[in-house]
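In: Give me the fold of what follows.
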Amino acid sequence: MPDSAVRITNGHFIKVWRFKESPKEYQAMSNNGGDEDWVAFIPDEMSAYWVAWLESGTPFGCCCVDEFKVDGGTIKIGSHA
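Out: All right, here's what the predicted structure looks like:
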């Protein structure tokens with residue numbers, strides 16, 4: 001990782017899981033009925049950064065990306081339909 005990236009995020013990072021391997025409480029947030037592919041946790045400390053690969057229309061969520069505020073950050077769930 002470039003040194004500048006470490007300074008920008010101050011040691012914080014985005015955690016990504018395949019949907020079926022994500023924590024059950026995150027899976028329960030989704031209402032996409034089995035079309036989910038990915039789950040990401042973005043800590044509050046990184047909320048000011050735009051992360052293009054977490055947007056709708058990307059491999060993370062080619063159809064849609066739902067967003068949920070949780071304690072300490074945001075959950076994004078990407079789905080394919």
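In: Show residues contacting stretch 22-35.
Out: The contact list for stretch 22-35 (C-beta atoms under 8 Å, 6 or more residues apart in numbering) reads 17, 19-20, 36, 39, 41, 63-64, 66, 68, 75, 77, 79-81. All C-beta spots, glycine's among them, are computed from the backbone N, C-alpha and C.
In: can you do 10 Å?
Out: By C-beta atoms under 10 Å, 6 or more residues apart in numbering, the list of residues contacting stretch 22-35 from outside reads 15-17, 19-21, 36, 38-41, 61, 63-64, 66-68, 70, 75-81.
In: cool, stretch 58-65 as well?
Out: 16, 32, 35-40, 51-57, 76-81.
In: what stretches of this protein score poorly on pLDDT?
Out: Residue ranges of the chain with pLDDT under 70: 1-9.
In: how does it look with 80?
Out: For the chain, the stretches flagged by pLDDT under 80 are 1-10.
In: tell me the centre residue of it?
Out: What sits nearest the mean C-alpha location of the chain, by C-alpha atoms, centre = their mean, is A40, with 2.3 Å.
In: Which elements pack onto the one helix or strand K76 maps to?
Out: For K76, the enclosing helix or strand under DSSP states H and E is strand 73-79. Packing partners of strand 73-79 (3 or more C-beta pairs under 10 Å, 6 or more residues apart in numbering; DSSP states H and E): strand 15-18, helix 24-27, strand 36-43, strand 64-70.
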